[in-house]
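Chemist: Pasting the sequence and the predicted coordinates here, then a few questions.
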Amino acid sequence: MAPQLRRTPLGCANPHLLKAVSTIQLLGLAALAFGAAVYIWRGVKRGMHADAVFFAELVQQLSPLREAKGFRLTRNVYMAKSFGHRIATFEGPSGIVDAAWDGRDRDILLLQRAPDQSNVAAGERLAEAHIPQGAATEVYARATERIVTVAASIGRSLTSA
């Protein structure tokens, strides 16, 4: 017959289970958990920094292209509480062009909308690229090239794009 475990008044078996684990083992486990948390946090911070640098460089490349066609940068915002979305808006006589970084889905979008449209999401998608979490710099470079190439081909009017 198998030995029976003693039960506490609350019905728990073996209330002295933690006595089988030494203090050194508990400290080691806590240190491992802390180290894993720091490692993950550093990766997240590194990714956020890479996204910020990517978007700043993209806006820097788009600005002269859009200015040459009569547009000017009127808004460049970072929405930290909204998954890290970023939007750069270029307004011109014929319409509005937005470069929008979707921090949740990790997509960069080039959108075009009429001057009377205030909602960025209402814009027509001209180009987009997906950048996976932890992507190499080459992936960021390809996304930048795709957006800049399409932005350079946008004419002065919304109908000639």
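Modeler: That came through, no problem. Numbers count the residues shown, from 1 in each chain.
Chemist: tell me the centre residue of the protein?
Modeler: residue 103 (2.8 Å; C-alpha atoms, centre = their mean).
Chemist: What pLDDT is listed against that residue?
Modeler: Per-residue pLDDT puts residue 103 at 88.
Chemist: same thing with residue 49?
Modeler: pLDDT, residue 49: 85.
Chemist: quick one: what helix or strand has it in it?
Modeler: helix 23-67 (DSSP states H and E).
Chemist: same for the next helix or strand after that helix, what does it pack against?
Modeler: From helix 23-67 onward toward the C-terminus, using DSSP H and E, the following helix or strand is strand 72-79. Where contact means 3 or more C-beta pairs under 8 Å, 6 or more residues apart in numbering; DSSP states H and E, strand 72-79 is packed against helix 23-67, strand 85-92. Every residue, glycine included, has its C-beta placed from N, CA and C.
Chemist: looking at these, which is buried most?
Modeler: strand 85-92 (a mean of 20; mean count of other C-beta atoms under 10 Å).
Chemist: After the helix or strand harbouring residue 125, which helix or strand is next?
Modeler: Element membership for residue 125 (DSSP H and E) is strand 124-130. Note on strand 124-130: by DSSP H and E, the next helix or strand toward the C-terminus is helix 137-153.
Chemist: which other helices and strands contact the helix or strand where residue 98 lies?
Modeler: Using DSSP H and E, the element containing residue 98 is strand 95-102. In this structure, strand 95-102 packs against helix 23-67, strand 85-92, strand 107-113, helix 137-153, with contacts taken as 3+ C-beta pairs under 8 Å, 6+ apart.
Chemist: Out of these, flag the one nearest residue 74.
Modeler: strand 85-92 (4.7 Å; C-beta to C-beta).
Chemist: Quick one: mean pLDDT for the closest one?
Modeler: 94.
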